[in-house]
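Student: Requesting a structural model of the entry that follows:
(chains A and B)
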Amino acid sequence: MLPQPKPVVISTALCKAYQIEDTAVDVLKEINLTVNEGQFVAVYGPSGAGKSTLLNMIGGIDKPTTGKITVFDLDLSQQNEDVLADYRCNKVGFVFQNYNLISTLTVAENIAFPMEWKRTPSSEIQKKVTELTKTFGLDYRSCHFPAQLSGGEQQRVAFARALANNPPLLLADEPTGNLDTKNGQRIIQILQALKAEGKTIIISTHDSEIMPLADLKFYLEDGKLAAPNE
Amino acid sequence: MSETAFPVNDLLRRRLQTGLTVVSLTVSVASTLFLLLFAGQIGFGIAASAQDTLTMGTSAVFAQFLTFVGALIFAVGAVIVAFIVFLMMAQRTRDYGLMKATGCPNSLVFGYFMTELLGVTFVGCVLGVIVGFVTDYAIINLGMFQVYNKVPNVWFAPLVFVAYFAFALIFGAKPILDAARMSPIKAISSVQYFGLAKGTALKPLSKTALTVRIATRSLFRRKSATIRIVIFLSVVFLLLTVSIAGGIIANDTTNSWVQKATGTNVLLVADSNMANQYTQLLLTYSGAKADQDFNYSNPALSISDAVLGQIAKTQGVATVDKRLIWSGTIKELGGFMIDPDTLATLPVGDSRQGTSLIVGIDGSNVVSTPFTTGGFLNATSNSQAVVGDSIAQKIYASFGTTVGDPLRESVMIQNSTFQISGICLDPINGGNVTYVPLSRLEAITGLSTPNVLLIKVDSSADYSAVKIRLETELSSVNPSLSIVELNSITTKNSDFLGSLWGVIMFLPAFALASATLCLVSFQMLTIDEQHQEFAVLRATGAKPRTIVSILAVQSLTVLLSSFGVGVSLGTIICILVLTANPVVSSFTLIAISAWLLTTVLGMFLLSLYPAVKFAKKPLLEIMS
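Tutor: This next block holds a predicted model:
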């Protein structure tokens, strides 16, 4: 008998609403979602459907208005900021749509800083940064600042940073959204490699080339999640 | 879009920056106007009123301080205004670039932002004038300052308004002009915006702690703003050092002048009328009025040998200083000096004259020696005199082409001539005093007995007990004698000086408030500019306190570099320029350090307020 897959992300009746002046905007409505360990999940749908909000919830960046979200057995809706910070540091790597690199840190330092939150010894940081810059083809850019990189390079730095602490869960928000075909292909190769490693990946995307990689595809529209397509 | 609609909307939508700029301008204008109004009512008023009470030397120290502090406060205000408008306008460089890139002509971009600058400056200056007047009215009506209440000079308002309006326009227009000249591509380039293009000079991974690394690089990224705030805070710390350290040193120094002149543990024995007159003469320093027509030659004031004999027998008496107090006309007798260049003999002084309190003392037996430039009278100074600093400045001062130098001149009392050996700082009669040998004054006046005795109580004896003993023993010899504790007179004079210095030290309080506000503004602008990056740090696992640490390092770096520069310069100015022969004890240094460190700590803690507030925000709110 095959071992039962372990659920990593479980969301139950997850809702998120924002109050903009007098208007309440329901971004997520009753989302029920389970992602198992090692799965590659793609969430797709039109702009404004709530894809980024869903990823923010899973990443512990935002909290639900109602409902529950549990990741690695941790109920994120009930945790204080320090616990969430530890969760973000150790359990999840987040690749933002607009890269979000620290402009005052070099490429190497941008990759290294999440490891500093864990007080990783500097020799290990050095080793890991060298390894990641090589993997992502950034070794000749190590001492450059983000403002000196192209969009594709910045996105690769963002991936390297997300993987610095070797998190079991990777979240990527439209990772190819701002890239040309060539750079998009490089990101897809990276995602393929990560999938092969067995990492749990949840990605929001419009990119039809990423879709074939996904084990599960969720269509999100107007805050509602359709049944998954396998 | 009209030329006024855009700037107005833009300012209203950027409420934080607009508000901070207006508040900082308001505080700067208000602090300068308040200083001028308040100083006009009490500050410079002190110098004017003190001239009749304090000795001229002490008044000069006060006047010098007031002028210096006033000039520094104006400088602080000017630097604040320059800094704030620069910051506001420099932040918009990217916006200018974007507008130009979309086809907006240079002249229109310039017009938009000049309108914004004019609007903000006008509102800030008007509010500043109103706040300045209201604050002055409120403070001058507080109990301790009510004695100085008089109509303020309203002309200071347009003066300050015009000065600051002009400052703001000059310094604010510079970044607008620079941006208008910049090409759109340069203006919107992130390299230009972040100012980071020298990456290869760095090691890929620095060993410095992450918080320190981000903090220092962010400061360097905003190099221009950082340099400006460091310069500005240096001027503020210079002002604070001059006011606090200078005030404490000057207070200690002037107090030591009072104490040296009056002596410690000294009792005054004299006829009750004479004792009262002598007390008033000593208290002239703190505003008392002595009887101008007092007859010092009255034989009833003489102290008999029987009294002296009784005092000599009293236990606890260490020294008896016999003095003959008299009042008369003194005449200047000019002298000569050798011109160092031509070696020619040149005349010094004139033949001016005036009234002085004349004190005959036995130079070999004095209980107190005032601080003296030159030498005080001693056992061998039979033909010498020492004049008070007020006499030196009134009768022996240089005027026109006449060179006055009391130490090269003489004084004539009736027909007796005395070579001036020193100029003393003595509170008695507001420094209008001339000390001569007792025997010579007795010969001049024909009075052969002293009319005042100053008794130094043995340090091992109980000061009050000796006074009571003397009162008991002398009452049988001469019941009209009074015994007065001079320690209490010294305390009164010291308290008066302390209150005057306290007022001067209060004057920079507003400048300090505006400096703190500016530092808080600087921190808020830092947070505003870096909030996205802080959000990323948080999103990747940094705890809120890490963000506070980064901002604390930035604030501390700025504060400590300014503190070092300002305090060093301030100390040099205080010791070398403002106070001659300063009295600096270890306690003085501890007091100054405590005040300055408390100030810098207070500023640091207040500057953390925006950081702590920011760190408490939900992560998503920071990211959006």
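Student: For the residue most central in space within chain A, give me phi and psi.
Tutor: Among the residues of chain A, the one closest to the centroid is A:Leu171, at 1.6 Å (Cα atoms, centre = their mean). Main-chain dihedrals, A:Leu171, degrees, to the nearest 10: phi -110, psi 130.
Student: Now do the contacts for it.
Tutor: By Cβ atoms under 8 Å, 6 or more residues apart in numbering or on different chains, the contact set of A:Leu171 is A:Leu55, A:Ile58, A:Gly59, A:Val92, A:Gly93, A:Phe94, A:Val95, A:Ala162, A:Ile201, A:Ile202, A:Ile203. Where you see a C-beta, it was placed from the backbone N, CA and C, and this is true even at glycine.
Student: So it versus chain B, what's the distance?
Tutor: Separation of A:Leu171 from chain B (Cβ to the nearest Cβ, to the nearest Å) stands at 10 Å.
Student: Leaving out chain neighbours, which residue sits closest to the residue of chain A found nearest chain B?
Tutor: Closest residue of chain A to chain B, Cβ to the nearest Cβ: A:Cys89 (2.5 Å). Spatial nearest neighbour of A:Cys89, chain neighbours left out: B:Gly541 (2.5 Å); criterion: Cβ to Cβ, 6 or more residues apart in numbering or on different chains.
Student: With B:Thr115 instead?
Tutor: Distance criterion Cβ to Cβ, 6+ apart; nearest residue to B:Thr115, sequence neighbours excluded, is B:Pro7 at 4.1 Å.
Student: Name the residues that touch the helix or strand that neighbour falls within?
Tutor: For B:Pro7, the host element (DSSP states H and E) is helix B:5-13. Residues from elsewhere that reach helix B:5-13 (Cβ under 8 Å, 6+ apart): B:Thr18, B:Tyr112, B:Phe113, B:Thr115, B:Glu116, B:Gly119, B:Val120.
Student: now do stretch A:11-30
Tutor: Contacts for stretch A:11-30 (Cβ under 8 Å, 6+ apart): A:31-34, A:50, A:53-54, A:57-58, A:62, A:64-70, A:222-224.
Student: and chain B, which of those reach it?
Tutor: Among the contacts of stretch A:11-30, the residues lying close to chain B (Cβ under 8 Å from any Cβ of the partner chain) are A:Asp62.
Student: phi, psi of the closest residue to chain A within chain B?
Tutor: Per Cβ to the nearest Cβ, B:Gly541 is where chain B lies closest to chain A, at 2.5 Å. Phi and psi for B:Gly541, reported as degrees, to the nearest 10, are phi 120, psi 0.
Student: can you pull the contacts of it?
Tutor: So B:Gly541 contacts A:Ala85, A:Asp86, A:Arg88, A:Cys89, A:Asn90, A:Pro114, A:Trp117, A:Lys118, A:Asn165 (Cβ under 8 Å, 6+ apart).
Student: Which pLDDT does the model give it?
Tutor: pLDDT, B:Gly541: 86.
Student: What is the distance between stretch B:31-40 and the centre of its chain?
Tutor: Relative to the centre of its chain, stretch B:31-40 is centred 14 Å away, using Cα atoms, centre = their mean, to the nearest Å.
Student: Can you show me the CA trace of that stretch as CSV?
Tutor: Extracted in CSV, the C-alpha atoms of stretch B:31-40 (Å, rounded to 0.1, in the frame of the first residue of the first chain):
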residue,chain,number,x,y,z
SER,B,31,11.4,79.3,17.4
THR,B,32,13.3,82.1,15.9
LEU,B,33,10.5,84.6,16.3
PHE,B,34,10.0,83.4,19.9
LEU,B,35,13.7,83.8,20.7
LEU,B,36,13.7,87.3,19.3
LEU,B,37,10.5,88.3,21.1
PHE,B,38,11.4,86.5,24.3
ALA,B,39,15.0,87.6,24.4
GLY,B,40,13.8,91.2,23.7
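Student: circling back: would you mind measuring from the residue nearest to B:Thr115 to B:Ala250?
Tutor: Distance from B:Pro7 to B:Ala250, counting by Cβ to Cβ, to the nearest Å: 49 Å.
Student: ok, these two, which is more surrounded?
Tutor: B:Ala250 (26 against 21; other Cβ atoms under 10 Å in any protein chain shown).
Student: Read off the pLDDT value for the more buried one.
Tutor: For B:Ala250, pLDDT reads 77.
Student: surely it meets B:Trp501?
Tutor: Yes: B:Ala250 lies in contact with B:Trp501 (Cβ atoms under 8 Å); the separation is 6.3 Å.
Student: Now do the helices in chain A.
Tutor: Under the criterion DSSP state H, chain A contains helices at A:51-58, A:81-90, A:107-117, A:122-135, A:151-163, A:181-197.
Student: out of those, nearest to B:Pro347?
Tutor: helix A:107-117 (77.9 Å; Cβ to Cβ).
Student: Remind me what the closest one packs against, helices and strands.
Tutor: The contact analysis (3 or more Cβ pairs under 8 Å, 6 or more residues apart in numbering or on different chains; DSSP states H and E) places helix A:107-117 against helix A:81-90, helix A:122-135, helix A:151-163, helix B:210-221.
Student: So what touches the first one?
Tutor: The reference is to helix A:81-90. In contact with helix A:81-90 (Cβ under 8 Å, 6+ apart) are residues A:59-61, A:71-72, A:74, A:76, A:79, A:94, A:114, A:117-118, A:165, A:167, B:538-544, B:619.
Student: How far does it sit from its chain's centre?
Tutor: 15 Å.
Student: per the record, what domains does chain A have?
Tutor: Domain assignment for chain A by automatic domain parsing gives A:1-91+A:167-230, A:100-166.
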